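Enquirer: Just to be clear, the model below is a prediction. Sequence and coordinates:
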Amino acid sequence: MNKASITDYKYLEGTKVLLRDDLNVPVNKNGVITDDKKIIEAIPTIKFLIEKGAKVIIVSHLGRPKGKPMPEFSLSPVVEKLKELLDKPVLFETELFSEHMQKMIRTMKNGDVMVLENIRFYPEEEANDEEFSKKLARIADIYCNDAFGTAHRAHASTAGITKYIPSYCGLLMAKEVEVFSELMNDPKRPFVVVLGGAKVSDKIKLISNLIDKVDGIIIGGAMAYTFLVAQGHNMGASKVDEAKVEYAKLLLEKASNKKVKIYLPIDHLVAKEFSFLADYDVCSSENFPADGIGMDIGPKTIRLFTKVIKSAKTVYWNGPMGVFEYKRFSKGTRAVARAMAENPNQMVVGGGDSAAAVRNFGLEKDFYFVSTGGGASLALLEGSELPGIVNLKEKE
Ligand code: AMP
């Protein structure tokens with residue numbers, strides 16, 4: 001992937017740039033942003049455009065308002081945060097394509113910044129509607145996509161628009177693409193991928209493709225139970241994706257044929273109820289109680305996974321090892337984060353829960369790279385073309 005960066009565009013002064021950011025941050029009931037990582041990551045491109053004298057019109061989504069305006073998904077708290085981080089006024093337009101919006105844009109001065117209200121308030125966005133994409137394109141002179149976190153979605157403001165306006169990648173997008181290209185094309189070996197979380201269906205296709213590229217795959221979290229059942233273990237009342245057990249068997253076979261090691265948990269923290277206060281026992285995969293619920297990986301598994309991670313030269317991690325939201329079941333996730341933090345090589349965390357966990361554990365600075373895109377980075381590793389990247393201009 002050799003895409004033109006916004007830094008390659010020479011005529012930014014006075015140019016209207018429609019900047020697609022991923023400002024989809026968690027906002028609590030009181031309208032307070034609880035994790036501002038995505039806003040902070042968006043700042044360098046915004047500042048670059050301001051310094052070059054562009055007129056910056058930012059588009060983003062927040063949450064899943066399902067195509068209608070919902071006040072709890074307003075970008076208003078994000079606008080306040082941007083004002084603080086940029087230390088300058090930020091215009092906020094709530095009526096897309098209105099007379100008022102046109103007037104605001106006409107009166108923007110070089111270096112001004114405007115945010116348009118949550119683009120997912122319009123059903124045409126997620127439908128990747130042609131007319132809507134054209135109308136978005138007409139707002140500006142050029143388009144810049146810096147929203148790596150949504151680059152795997154073919155929506156109007158990420159993909160549709162690129163057909164109608166010169167399109168460049170932003171600084172964050174360029175960095176993300178560079179890191180994942182390195183991982184896919186020239187990883188230092190051994191290359192190990194660590195997968196966890198609950199949704200097997202999201203990641204199982206990835207495993208099939210990864211078997212051709214990596215030296216080992218560690219599987220933890222609820223995902224692991226589907227594979228353990230495929231190996232003939234009984235995982236009690238744990239979260240198992242029954243529909244995927246046969247496929248998991250095929251993957252284990254494929255990995256074994258290709259001599260790629262799959263590391264599964266050998267012991268577990270097992271509770272009788274799914275609760276943050278639940279008592280637990282440590283049980284092996286062989287002696288799993290019929291009414292037990294697997295909540296986290298056990299101590300022997302922590303030792304095994306830590307050893308594998310520490311001897312790797314490249315590690316990509318996506319998905320927690322247990323129900324890490326509950327402190328007593330966060331040890332496995334913390335151990336993976338720590339093992340990676342202590343490894344000075346190419347340690348990369350996919351976005352979402354694992355990136356949030358790394359930040360909460362205070363370990364972010366010890367990582368080679370913490371990506372802002374969970375789904376997008378998985379899609380890149382899978383070898384998919386991302387709709388938000390594919391039509392951006394090629395470097396000249
Ligand atoms: P995902 O969105 O697929 O990455 O899944 C993340 C979720 O997986 C988190 O909310 C975790 O609580 C959940 N998870 C991880 N391990 C387990 C487990 N053993 N049982 C149930 N849920 C789990």
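Expert: Yes, it's here. Numbers count the residues shown, from 1 in each chain.
Enquirer: who in the stretch 251-396 of the chain is up against the ligand?
Expert: Within the stretch 251-396 of the chain, the positions adjacent to the ligand are G294, M295, G319, P320, G322, V323, E325, G352, D353 by C-beta under 6 Å from any ligand atom. All C-beta spots, glycine's among them, are computed from the backbone N, C-alpha and C.
Enquirer: To clarify, my last question referred to the stretch 101-250 of the chain.
Expert: G197, A198, K199, D202, G221, A222, K239.
Enquirer: Looking at neighbours, which among these is most surrounded?
Expert: Among those, G221 has the most neighbours (other C-beta atoms under 10 Å), with 30 neighbours.
Enquirer: How is that one assigned, secondary-structure-wise?
Expert: Under DSSP: H, G, I helix; E, B strand; the rest coil, G221 falls in the coil class.
Enquirer: now E246
Expert: Following three-state DSSP, E246 is assigned to helix.
Enquirer: Near it, how many other residues are there?
Expert: Neighbour tally, E246, other C-beta under 10 Å: 10.
Enquirer: Now the residue in the chain that the ligand sits nearest to: closest residue in space that isn't a chain neighbour?
Expert: In the chain, no residue comes nearer to the ligand than G197, which is 2.4 Å away by C-beta to the nearest ligand atom. Nearest residue to G197, sequence neighbours excluded (C-beta to C-beta, 6 or more residues apart in numbering): G319, at 3.1 Å.
Enquirer: Can you get me a residue count around that neighbour?
Expert: 27.
Enquirer: in this structure, which segments are predicted with low confidence?
Expert: Across the chain, the ranges flagged by pLDDT under 70 are 1.
Enquirer: switch the cut-off to 50
Expert: Scanning the chain for pLDDT under 50 picks out no residues.
Enquirer: quick one, helices of it?
Expert: Ranges of helices in the chain, per DSSP state H, are 37-51, 76-86, 99-106, 123-126, 130-139, 171-185, 200-210, 223-230, 245-257, 299-310, 331-341, 352-360, 374-382, 387-390.
Enquirer: Taking the residues of the stretch 101-250 of the chain next to the ligand, tell me the two that lie furthest apart.
Expert: Across those, no pair lies farther apart than D202 and K239, at 13.7 Å, counting by C-beta to C-beta.
Enquirer: joint contacts of these two?
Expert: Shared contacts of D202 and K239, defined by C-beta atoms under 8 Å, 6 or more residues apart in numbering, are absent.
Enquirer: before we move on, the earlier item: is it correct that the residue nearest to G197 is in contact with S354?
Expert: Yes - counting by C-beta atoms under 8 Å, S354 is a contact partner of G319 at 6.0 Å.
Enquirer: Give me the common contacts of these two.
Expert: Counting by C-beta under 8 Å, 6+ apart, the residues touching both G319 and S354 are G196.
Enquirer: what's the closest residue to E51 other than its chain neighbours sitting at in phi/psi?
Expert: Using C-beta to C-beta, 6+ apart and skipping residues adjacent in sequence, the residue nearest E51 is G111, 7.7 Å away. Recorded main-chain torsions at G111 are phi 90, psi 0, according to degrees, to the nearest 10.
Enquirer: Now do G111 against F48, distance only.
Expert: 11 Å (C-beta to C-beta, to the nearest Å).
Enquirer: same deal with S201?
Expert: 39 Å.
Enquirer: Check I204 too.
Expert: Where F48 is concerned, I204 sits at a distance of 39 Å (C-beta to C-beta).
Enquirer: swap in K331?
Expert: Between K331 and F48 the computed distance is 41 Å (C-beta to C-beta).
Enquirer: What of D291?
Expert: 57 Å.
Enquirer: between the two, who's got more neighbours?
Expert: F48 (18 against 9).
Enquirer: Contact partners for the more buried one?
Expert: By C-beta under 8 Å, 6+ apart, the neighbours of F48 are I6, T7, L171.
Enquirer: what do you get for R120?
Expert: Per C-beta under 8 Å, 6+ apart, neighbours of R120: H61, L62, G63, R64, P65, K66, G67, F73, E126.
Enquirer: The fifth one contacts N118, correct?
Expert: Okay, so that is P65. Yes - contact criterion C-beta under 8 Å: P65 and N118 qualify, at 6.3 Å.
Enquirer: Give me the neighbour count for the closest residue to Q346 other than its chain neighbours.
Expert: Distances taken as C-beta to C-beta, 6+ apart put T314 closest to Q346, at 4.3 Å, once the chain neighbours are dropped. By other C-beta under 10 Å, 22 other residues sit near T314.
Enquirer: tell me the contacts of T314?
Expert: Residues near T314 by C-beta under 8 Å, 6+ apart: L183, P187, K188, R189, P190, F191, V192, N345, Q346, M347, V348.
Enquirer: Against E131, how distant is the closest residue to I309 other than its chain neighbours?
Expert: Spatial nearest neighbour of I309, excluding adjacent residues (C-beta to C-beta, 6+ apart): A339 at 4.1 Å. Taking C-beta to C-beta as the measure, A339 falls 50 Å from E131.
Enquirer: The two: who's more crowded?
Expert: Taking other C-beta under 10 Å, A339 and E131 do not tie; A339 has more neighbours (21 against 10).
Enquirer: The more buried one against K310, yeah?
Expert: Yes - look at A339 against K310 with C-beta under 8 Å: they come within range, at 5.6 Å.
Enquirer: Thought P387 was touching A379, still the case?
Expert: No - with contact defined as C-beta under 8 Å, A379 does not reach P387; the gap is 9.5 Å.
Enquirer: More neighbours: which of P65 and N118?
Expert: The residue with more neighbours, out of P65 and N118, is N118; 25 against 20, by other C-beta under 10 Å.
Enquirer: List the contacts of the more buried one.
Expert: By C-beta under 8 Å, 6+ apart, the contact list for N118 reads S60, H61, L62, G63, P65, P69, F73, S74, L75.
Enquirer: wait, the first one sits on L23?
Expert: Okay, so that is S60. Yes - using C-beta under 8 Å, S60 is in contact with L23, at 3.9 Å.
Enquirer: residues bridging contact with those two, i.e. touching both?
Expert: Joint contacts of S60 and L23 (C-beta under 8 Å, 6+ apart) are L75, V78.
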